[in-house]
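**Q** Next one to model:
(chains A and B)
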Amino acid sequence: MSTLTAERPTAELATRAKAPKRRRLRGEAKLHPMVWVFVVAVMGFSLIPFYWLVNTSLKKGASLSQGELFPSQPTLENYQVVFQNPEFLLALRNSVIIAVVTTTVALVFASFAAYALARLKMRRKAMILTLILSVTTFPAIAIAAPMFSIWREIGLYDTLLGLIIPKLTFALPLAIYTLTSFFKEIPRELEESAYMDGATPFVAFRKVILPLAVPGLATTAILVFISVWNEFLLAVTLTTSPEARPVPVAIAFFSGTSEFDQPLGTISAASVIITIPLVILVLVCQKRIVSGMTAGAVKG
Amino acid sequence: MALKTLLPGRSPSGAPARPVSGRDRAERKLAFRMTAPSLVIMALVAAVPIGYAIWLSLNQYSVRTAGLSRFVGLENYINALASQEWWAAFGQTFLFAGLSVSLELILGTAMALLLNLAFKGRAVLRTVVLLPYAIITVVSAITWQTMFQPNMGLVTNVLSTLGLPGGDVVWLGEHGYAMAVIVMADVWKTTPFAALIILAGLQVISAETYEAAELDGASKWQTFVNITLPLLRPAIVLAAIFRTMDALRVFDLPFVLTRGANGTESMSMLAYTQLRENRLVGEGSALSILTFLTVMVVSVIYVRFAGGNIRDVAKEEQ
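**A** Model prediction:
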């Protein structure tokens, strides 16, 4: 259990290795000065692009086109433009609906499948797992191209539902993988004692395992949410109007207030706005994200 | 977990076959019921469309009259494979994947080693390193675009102020430079992922191994090359597999940064352009199937090549 909450991204690997003494240095080691140089370089590489994005979003007109390192006349005008843009607000709404619905549905189905794969006796388990893994390697374009034709024929093209369904295909294997590894962490004795008390496997799952798996479910939800929010190819192929466009597509096609406007400032502002919630999510749930990414070892 | 699931033909629970009892049968029934909904959704939304895409790719669709199609067999594939566009996109995608994945693995290993050290500020470093992961790819592309804008970007500005070459380059307007920016944007966003997988691998190497090496008088570099790297191999291979699969599907970065201009079009982008912009449904489907096959072939080669390695490690761990 500790692996779900504590600083142990190695959850699965560590338990299987019969818990070797991990290399934990007591106290703080003195670092070589060159290592500090590397630390600073890594920090700079990670942070400078963020700085430049925020910097660009605060500039307007000449200040923008001269590329000042600090905005001499910082302005929030770009942000105002973004918030007054009905298409951006629609896109935000669409993204929230798509991500929430997809994450919820994926979590419900995936928790069933993951429990069966982690715990129950089952025929052809290895084959099923391999099949699920292979879905994660599908290039989205292989789904997007036929979906484009099918959806146009049955009227799901350019609708939110038409985006949720294919996104679910990619969210499900991600959720199943991550959850399977979390379920395996839960001590088997708990179910055994539930069986002793006369519970059926499903009751054991619902009453004993699921409540204990809440941290794992939360982690999986975060990973799936981020990946669905981020997805671009299906979104751009299967939508055409602002009514159904989610945020990434809206930003990619954002064109400022008029065609004479240099839109980089407003695009940057829109980018900052939608990045802030995700950055907060990562700051707050950092450990969960790390354990989820390494436990499922599937790209989110 | 992920290592285990890559093992072909082995039950993940590792349970030996036992005679089927009543409870076993009930369990199997439940397992089937619990897995079925997910499998049905994935089959409907993955297998059916891919089958349909194969059908579409064997037809020629009229651009002007919607729905008017003509069966042409493999013509779309032959045309695609004979075209320069496909091979250019194929080459560019592999160039991108090769460059970005190798940079991510090297940088990711270095980052993992750093994050594995105990020092003041490790928690801060871990959070900072993870931040680019939170940013959506489209925004990451826009961020790098603003940094490389001629005259107004951070990089172009700094380079020309310092009098270094590159300040007057239109970075996104030339093939080599545009590719470099696309690779940098990808490395920036996804190195944390590689680093975390490798860090997980690092943390299972036991302290005794290092103590033994120290007693034998091995230098830090010798320890790294002879102990750390070989033991890290499965984690690095795993990171490589996931990153390569992702890189071969690249779409968002060239779409936002160059719209595929200057020879930066990827396989997915080419298929998208034929389908959506040129409205060539048959050709676009053929290209998307070719992309699909390319990624599949590479993933099979990878798992075969890495499979033995992963299997050995799993055995040792038990």
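**Q** from the chain's centre, how far out does stretch B:278-293 sit?
**A** Centre-to-centre, stretch B:278-293 and its host chain are 21 Å apart (C-alpha atoms, centre = their mean, to the nearest Å).
**Q** For chain A, tell me whether that stretch is touching it.
**A** Yes: for stretch B:278-293, a contact with chain A is found by C-beta under 8 Å from any C-beta of the partner chain, at B:Val281, B:Gly284, B:Ser285, B:Ser288, B:Ile289, B:Thr291, B:Phe292. Just so you know, the C-beta spots here come from the backbone N, C-alpha and C atoms, and that holds for glycine as well.
**Q** swap in stretch B:259-268?
**A** Yes: counting by C-beta under 8 Å from any C-beta, chain A is contacted by stretch B:259-268 at B:Met267, B:Ser268.
**Q** In that stretch, which residues are buried?
**A** For stretch B:259-268, burial by neighbour count (16 or more other C-beta atoms under 10 Å in any protein chain shown) applies to B:Gly260, B:Asn262, B:Gly263, B:Thr264, B:Glu265, B:Ser266, B:Met267, B:Ser268.
**Q** who's in contact with it?
**A** With C-beta atoms under 8 Å, 6 or more residues apart in numbering or on different chains as the test, stretch B:259-268 has contacts from A:139-141, A:233, B:85-86, B:88-90, B:92-93, B:96, B:172-175, B:178-179, B:182, B:248-251, B:254, B:257-258, B:269-270, B:273, B:287-288, B:290-291, B:294.
**Q** At the geometric centre of the chain, which residue do we find?
**A** I'll assume chain A. Nearest residue to the geometric centre of chain A (C-alpha atoms, centre = their mean): A:Ile226, 2.0 Å.
**Q** looking at chain B here, not the other one
**A** A centroid search over chain B (C-alpha atoms, centre = their mean) returns B:Asp246, at 2.2 Å, as the residue closest to the centre.
**Q** roughly how far out does stretch A:265-278 sit from the chain middle?
**A** Counting by C-alpha atoms, centre = their mean, stretch A:265-278 is centred 17 Å from the centre of its parent chain.
**Q** Just the mean pLDDT for it, thanks.
**A** Stretch A:265-278 carries an average pLDDT of 90.
**Q** tell me which residues of the lengthiest helix in chain A are tucked away?
**A** Ranked by number of residues, the top helix in chain A under DSSP state H is helix A:86-119. Judged by neighbour count (16+ other C-beta under 10 Å), helix A:86-119 contains these buried residues: A:87-88, A:90-92, A:94-95, A:98-99, A:101-103, A:105-107, A:109-119.
**Q** Tell me if that helix is near chain B.
**A** Yes: judged by C-beta under 8 Å from any C-beta, helix A:86-119 comes into contact with chain B at A:Phe109, A:Ala110, A:Phe112, A:Ala113, A:Tyr115, A:Ala116, A:Leu117, A:Ala118, A:Arg119.
**Q** quick one on the thing from earlier: make sure I have this right: the residue nearest to the centre of chain B is in a strand.
**A** No: in this structure, B:Asp246 is helix, not part of a strand, as judged by DSSP: H, G, I helix; E, B strand; the rest coil.
**Q** you'd agree it is up against B:Lys189?
**A** No: applying C-beta atoms under 8 Å, one finds B:Asp246 not in contact with B:Lys189, separated by 10.6 Å.
**Q** Endpoints of stretch A:242-254, how far apart?
**A** 11 Å (C-alpha to C-alpha, to the nearest Å).
**Q** before we move on, the earlier item: between the residues of helix A:86-119 next to chain B, which is nearest B:Glu214?
**A** Distance to B:Glu214 across those (C-beta to C-beta) is lowest for A:Ala118, with 39.2 Å.
**Q** I'd guessed that closest one sits against A:Lys184; true?
**A** Yes: between A:Ala118 and A:Lys184 there is a contact at 4.9 Å, judged by C-beta under 8 Å.
**Q** In CSV, list the residues of stretch B:278-293 next to chain A along with pLDDT.
**A** Listed next are the residues of stretch B:278-293 next to chain A as CSV, based on pLDDT from 0 to 100:
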residue, pLDDT
B:Val281, 87
B:Gly284, 91
B:Ser285, 92
B:Ser288, 93
B:Ile289, 94
B:Thr291, 94
B:Phe292, 93
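**Q** By neighbours, which of the residues you listed wins?
**A** If you count neighbours using other C-beta atoms under 10 Å in any protein chain shown, the busiest of the residues of stretch B:278-293 next to chain A is B:Gly284, which has 32 neighbours.
**Q** Low-confidence bits of the chain, can you list those?
**A** Picked chain A for this. For chain A, residues meeting the criterion pLDDT under 70 lie at A:1-29, A:255-262, A:296-300.
**Q** that's the wrong chain, I wanted chain B
**A** Chain B contains residues with pLDDT under 70 at B:1-21, B:63-67, B:307-318.
**Q** mind running it again at 50?
**A** B:1-16, B:308-318 (pLDDT under 50).
**Q** what are the ranges of the strands in it?
**A** For chain B, the strands defined by DSSP state E cover B:59-61, B:69-71.
**Q** Determine the set of other helices and strands touching the last one.
**A** Of the remaining helices and strands, those touching strand B:69-71 by 3 or more C-beta pairs under 8 Å, 6 or more residues apart in numbering or on different chains; DSSP states H and E are strand B:59-61.
**Q** ok, residues contacting the strand it packs on?
**A** Against strand B:59-61 from outside (C-beta under 8 Å, 6+ apart): B:Leu68, B:Ser69, B:Arg70, B:Phe71, B:Val72, B:Glu75, B:Asn76, B:Arg279, B:Leu280, B:Val281, B:Gly282.
**Q** farthest-separated two in those?
**A** B:Phe71 and B:Arg279, at 18.9 Å, using C-beta to C-beta across these.
**Q** neighbour-wise, which of these two wins?
**A** B:Arg279 (14 against 10).
**Q** The more buried one and A:Val224, how far apart?
**A** 33 Å (C-beta to C-beta, to the nearest Å).
**Q** What of B:Asp168?
**A** To A:Val224, B:Asp168 is 45 Å away according to C-beta to C-beta.
**Q** These two - which one has more neighbours?
**A** The neighbour count for B:Asp168 versus A:Val224, taken as other C-beta under 10 Å, is higher for A:Val224 (27 against 10).
**Q** And that one, its phi and psi?
**A** When read as degrees, to the nearest 10, the backbone of A:Val224 gives phi -70, psi -40.
**Q** Might you report the residue contacts of it?
**A** A:Thr102, A:Thr103, A:Ala106, A:Leu107, A:Ala171, A:Leu174, A:Ala175, A:Gly300.
**Q** just checking, the second one touches A:Phe225?
**A** Read it as A:Thr103. Yes: with contact defined as C-beta under 8 Å, A:Thr103 reaches A:Phe225; the gap is 4.9 Å.
**Q** wait, doesn't A:Asn78 sit right on A:Leu58?
**A** Yes: assessed by C-beta under 8 Å, A:Asn78 is found in contact with A:Leu58 at 7.4 Å.
**Q** Tell me which of those two has more neighbours.
**A** A:Asn78 (26 against 21).
**Q** quick one on the thing from earlier: of the residues of stretch B:278-293 next to chain A, which is the nearest to B:Met147?
**A** Checking those against B:Met147 with C-beta to C-beta, the nearest one is B:Thr291 at 29.6 Å.
**Q** where does the residue nearest to B:Val139 when sequence neighbours are not counted land in three-state SS?
**A** Of all residues beyond its chain neighbours, the one nearest B:Val139 is A:Ser271 (4.3 Å), with distances taken as C-beta to C-beta, 6 or more residues apart in numbering or on different chains. Under three-state DSSP, the three-state class of A:Ser271 is helix.
**Q** swap in the one 5 residues further on?
**A** What three-state DSSP gives for A:Ile276 is helix.
**Q** What spatial separation is found between A:Ser181 and A:Ile222?
**A** According to C-beta to C-beta, A:Ser181 and A:Ile222 sit 15 Å apart.
**Q** How about B:Gln84?
**A** As defined by C-beta to C-beta, B:Gln84 lies at a distance of 44 Å from A:Ile222.
**Q** When these two are compared, which one has more neighbours?
**A** A:Ile222 (21 against 7).
**Q** Could you list the buried residues of whichever strand or helix holds the more buried one?
**A** Here A:Ile222 sits within helix A:214-230, counting by DSSP states H and E. For helix A:214-230, the neighbour count (16+ other C-beta under 10 Å) marks A:215-217, A:219-230 as buried.
**Q** Sweet, I'm off.
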